[in-house]
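[1] sharing a sequence plus its predicted fold:
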Amino acid sequence: MPVAPARSRIVLAASLTVLLVAGCSARDTGEEPGPHLGEQSRLDEILDRGTINVCTTGDYRPFTYLDPDADENAYLDPEDDGLTGIDVDMARDLAEELEVGIEWTQTSWDDLMEDFLASCDIAVGGISVSTARARTVYFSAPLMEDGKTPITRCENVDDYRTIEQINQPGVRSIVPSGGTNEIFAEEHYPDGELIRHDNNTIFDEIVAGNADVMTTDASEVLWVANEYEELCAVNPGEPFDYFEKAFMLPRGDDVLKHYVDQWLNMALNDGTYDRITEPWFGDDLER
């Protein structure tokens, strides 16, 4: 079996700079910034109710994963919620810092924004920062930098190094429905064949020969290549684009955003984030 290409470093954000899009003024958005001094922030509501409601898809390892064998009501049991993942553990750490419990809301990539606006204080799980999403929500300071890159069977790595190679008739690109992977594939592979599949077993389809390639986040590719000996990352050090991963927060609530950003700053610098990511990435993830 060919040796996998050298893995990239997924570089964590060196400084927690407030995202410009999250700092839009009332003139920019057409809405009053909030909350004003003396008005209640969502942070106060969380502390008053004693729980934080967290949206997550549960289908995107290494960030969020719901055990398919877990009880259908697992999300309702904070002692045995069936969830694992980097962002899941980060949400638990945030709740611990706030001294509140967690109420999980299971969502999908198709319904993420709708469910977040209706039910959640924060959304986690490998969420990519995008200007489209930033029209509706705030983002926390970024946790890591990332980019789209292919993964395929190791013997086929040289066949899918470029967008041009993947955007060919007969090349079967597999994607989960909803989210940025589907958007990227629709935009860049109009001449190829797109196969939509559930996110939990999507890489098994490539191993089985039912799809040729998947283009996804380099952070996910590093984890997958470590889990599947048949699959290799193609260009993890030279992704096709650039974006950051962060948590979604209510638009306009500067108080809650400030608290979450301060908590992230400490977690990224006191060893908390390193401890949480190490079982998933090992030494492949570096500052």
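    Nice, thanks for sending it over.
[2] using CSV, write out the CA atom coordinates for stretch 244-262.
    As requested, C-alpha coordinates have been extracted for stretch 244-262 and formatted as CSV (Å, rounded to 0.1, in the frame of the first residue of the first chain):
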residue,chain,number,x,y,z
GLU,A,244,-11.7,29.0,10.3
LYS,A,245,-13.7,26.8,12.7
ALA,A,246,-15.5,28.4,15.6
PHE,A,247,-18.7,28.2,17.7
MET,A,248,-21.9,29.9,16.7
LEU,A,249,-23.4,32.4,19.1
PRO,A,250,-26.5,34.7,19.1
ARG,A,251,-26.0,37.7,16.8
GLY,A,252,-25.8,41.0,18.7
ASP,A,253,-25.0,39.6,22.1
ASP,A,254,-21.6,41.1,22.8
VAL,A,255,-21.6,40.1,26.4
LEU,A,256,-22.0,36.4,25.8
LYS,A,257,-19.4,36.6,22.9
HIS,A,258,-16.9,38.3,25.2
TYR,A,259,-17.4,35.7,27.9
VAL,A,260,-17.0,32.8,25.4
ASP,A,261,-13.9,34.4,23.8
GLN,A,262,-12.3,34.9,27.2
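[3] for it, buried residues please.
    The neighbour-count check on stretch 244-262 (16 or more other Cβ atoms under 10 Å) flags 244-257, 259-261 as buried. (Glycine included, C-beta is placed from N, CA and C.)
[4] after the helix or strand hosting residue 265, next one along is what?
    When elements are defined using DSSP states H and E, residue 265 is found to belong to helix 254-269. On the C-terminal side of helix 254-269, the nearest following helix or strand under DSSP H and E is helix 272-281.
[5] for that next one, packing partners?
    Using 3 or more Cβ pairs under 8 Å, 6 or more residues apart in numbering; DSSP states H and E as the contact definition, the elements that helix 272-281 packs against are helix 86-98, helix 218-227.
[6] contacts for it, please.
    Outside helix 272-281, the residues within contact range by Cβ atoms under 8 Å, 6 or more residues apart in numbering are 10, 12, 61-62, 85-86, 89-90, 93, 143, 219, 222-223, 226, 266-267, 285.
[7] avg pLDDT for it?
    The average pLDDT for helix 272-281 rounds to 90.
[8] on that earlier part again, winner for burial among the helices and strands packed on helix 272-281?
    Burial of the helices and strands packed on helix 272-281 is given as mean neighbour count (mean count of other Cβ atoms under 10 Å); helix 218-227 ranks first at a mean of 22.
[9] follow-up on the earlier one: okay, the helices and strands packed on helix 272-281 in TSV with mean pLDDT next?
    TSV is the format used below for the helices and strands packed on helix 272-281 (pLDDT from 0 to 100):
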stretch	mean pLDDT
helix 86-98	97
helix 218-227	88
